[in-house]
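# Give the three-dimensional model of this entry:
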Amino acid sequence: MTPQGVEALFTRADGNYLFARWGRPIAPVVFGVDDVTLATVKGACEAVVALAGHEMAESDPELGVNLMLFFLRDWSELAETPDLDRLLPDLGSLVDRLKTAGANQYRLFRYDAAGAIKAAFVFVRMDATLSALPAEAVALDQAVRVILLWSERAFMSDGPLVPAPDGRLVLRPEIADVIRVGYDPVMPAMSRDVAHALRLAARMGTEG
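Below is the predicted model of the structure:
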């Protein structure tokens, strides 16, 4: 991947560069799935976290859980989720915006004092497009999208997964490389400097 390609992955719609990774072990909880799918989602999270060289945890000492994944059929279900409005004070307007946009997923991140990710909320509406995919692919896709603070435009044309020869959807090798080098201990947990993309690209070339 070229430096320009890496830069595009973290350049926001307003033109500003912003990279962030998790600054603490990830303690996930999943809502709206059966036990089999729950194991699939957690397995995908574990695989992507292992790729990053990061850590999972049973709980977060400050927050209890710091990654909440909600799977639902209709956005109106969010308004019916007990106490969710305490976590998302503008829940009503958010639901309206998601319905109007016809969105099938939404992510909200929170950050620590250093700018690293400390919590994330992931909402996935299982529309016809997502429901047609294997659960393993949906789970892997969401795990990848939450491991770093990608630009909201990063995967608009090409998603993070590609078909393997056996037909399974797997992580694109270049995206796997970005995740791995993004968690290199010598790299900052957060950066607004576009030169950060050059450093990522250089490390990808070195390690590749």
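# How is this protein divided into domains?
The chain breaks down into these domains under automatic domain parsing: 1-21+162-208, 22-147.
# buried sites along the lengthiest helix in the chain?
As assigned by DSSP state H, the longest helix anywhere in the chain is helix 35-52. Neighbour counts over helix 35-52 (16 or more other C-beta atoms under 10 Å) mark 37-38, 40-42, 44-45, 48-49, 51-52 as buried. Where you see a C-beta, it was placed from the backbone N, CA and C, and this is true even at glycine.
# One more: stretch 92-102?
94-95, 98.
# Pull the number of nearby residues for Pro61.
Applying other C-beta atoms under 10 Å, we find 10 residues neighbouring Pro61.
# Please disregard the earlier target; I meant Ala201.
Ala201 has 20 nearby residues by other C-beta under 10 Å.
# so which strand or helix has it?
Applying DSSP states H and E as the criterion places Ala201 in helix 195-207.
# Please apply the same query to Met68.
Met68 is part of strand 67-72, with elements assigned from DSSP H and E.
# Gly115 now?
Assigned by DSSP H and E, Gly115 falls within no helix or strand.
# Ok, Glu7 next?
Per DSSP H and E: helix 3-9 holds Glu7.
# List the buried residues for that helix?
Using 16+ other C-beta under 10 Å as the test for burial, helix 3-9 gives 3, 6-7, 9.
# Now for the chain: which strand has the highest residue count?
Identified as the longest strand of the chain according to DSSP state E is strand 117-125.
# can you give me the angle that one makes with helix 35-52?
Between strand 117-125 and helix 35-52, the angle comes out at 140 degrees (axes from the mean of the first three to the mean of the last three C-alpha atoms, to 10 degrees).
# out of the buried residues of helix 3-9, who's nearest Phe31?
Leu9 (28.4 Å; C-beta to C-beta).
# Just list the residues touching that closest one, thanks.
Each residue near Leu9 by C-beta atoms under 8 Å, 6 or more residues apart in numbering is listed here: 150-151, 154, 178, 197.
# Spell out for me the ChimeraX command that would select the buried members of the residues you listed.
Buried members of the contacts of Leu9, defined by 16+ other C-beta under 10 Å, are picked up in ChimeraX with:
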select :150,151,154,178,197
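# Would you format the contacts of Leu9 as JSON lines with distance to Leu18 and secondary structure included?
JSON lines is the format used below for the contacts of Leu9 (distance: C-beta to C-beta, whole Å; DSSP: H, G, I helix; E, B strand; the rest coil):
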{"residue": "Trp150", "distance to Leu18": "10", "secondary structure": "coil"}
{"residue": "Ser151", "distance to Leu18": "8", "secondary structure": "coil"}
{"residue": "Ala154", "distance to Leu18": "12", "secondary structure": "coil"}
{"residue": "Val178", "distance to Leu18": "15", "secondary structure": "helix"}
{"residue": "Ala197", "distance to Leu18": "11", "secondary structure": "helix"}
